[in-house]
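Undergrad: Starting from these lines, generate the structure:
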Amino acid sequence: MPAHLKNEIGNKYGMLKVISRAKNIKGCSYWNCQCDCGNYKESIAASALRGGKTISCGCQHNGRKASNLVSDKVREQRKKYYKELKNLPY
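TA: Numbering: from 1, shown residues only. Below you'll find the predicted structure:
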């Protein structure tokens with residue numbers, strides 16, 4: 001493993017646990033993961049894991065994209081932020 005590459009093995013992102021390194025594709029690092037449901041998902045970009053874009057093998061979609069799950073959290077944070085802004089004295 002190159003010195004500049006962060007070792008992700010054992011790290012958990014959403015429901016995915018990184019179990020091994022996959023081949024680089026166009027200079028980007030990829031990882032193989034196991035989902036909490038038991039399925040394996042191969043060749044996931046490190047940026048997709050760290051950025052929250054890929055959080056499961058697909059078992060949690062239920063008609064919603066994984067990115068929407070992240071968006072819900074961001075939406076709630078924004079709502080709280082704007083509510084606090086309204087209460088500030090001007």
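Undergrad: what's the neighbour count on K53?
TA: 16 (other C-beta atoms under 10 Å). The way it works is simple: take the backbone N, C-alpha and C, and place the C-beta from them, glycine included.
Undergrad: I'd like to know how far it sits from K73.
TA: Plainly put, K53 is 13 Å away from K73 if you go by C-beta to C-beta, to the nearest Å.
Undergrad: residues of stretch 34-54 that come out buried?
TA: Q34, C35, K41, I44, A45, A46, A48, L49, G52, K53, T54 (16 or more other C-beta atoms under 10 Å).
Undergrad: Only alpha carbons, please: show it as CSV.
TA: Extracted as CSV, the C-alpha positions of stretch 34-54 are listed here (Å, rounded to 0.1, in the frame of the first residue of the first chain):
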residue,chain,number,x,y,z
GLN,A,34,-19.3,-5.9,3.6
CYS,A,35,-22.8,-4.6,4.5
ASP,A,36,-24.5,-5.1,7.8
CYS,A,37,-27.1,-7.3,6.0
GLY,A,38,-24.2,-9.7,5.0
ASN,A,39,-23.9,-8.8,1.3
TYR,A,40,-20.6,-7.8,-0.2
LYS,A,41,-20.1,-4.7,-2.3
GLU,A,42,-16.9,-4.5,-4.4
SER,A,43,-14.9,-1.6,-5.8
ILE,A,44,-16.4,1.4,-3.9
ALA,A,45,-14.6,4.6,-4.4
ALA,A,46,-13.0,6.0,-1.2
SER,A,47,-14.5,9.4,-1.9
ALA,A,48,-18.0,7.8,-2.1
LEU,A,49,-17.5,6.1,1.3
ARG,A,50,-16.1,9.2,3.0
GLY,A,51,-18.6,11.6,1.5
GLY,A,52,-21.6,9.5,2.5
LYS,A,53,-22.7,8.8,-1.1
THR,A,54,-22.5,5.0,-0.7
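Undergrad: Could you pull up the residues touching L49?
TA: Neighbour list for L49: E8, N11, Y13, L16, V18, W31, C33 [criterion: C-beta atoms under 8 Å, 6 or more residues apart in numbering].
Undergrad: model confidence over whichever strand or helix holds it, on average?
TA: Following DSSP states H and E, one finds L49 within helix 46-50. The average pLDDT for helix 46-50 rounds to 91.
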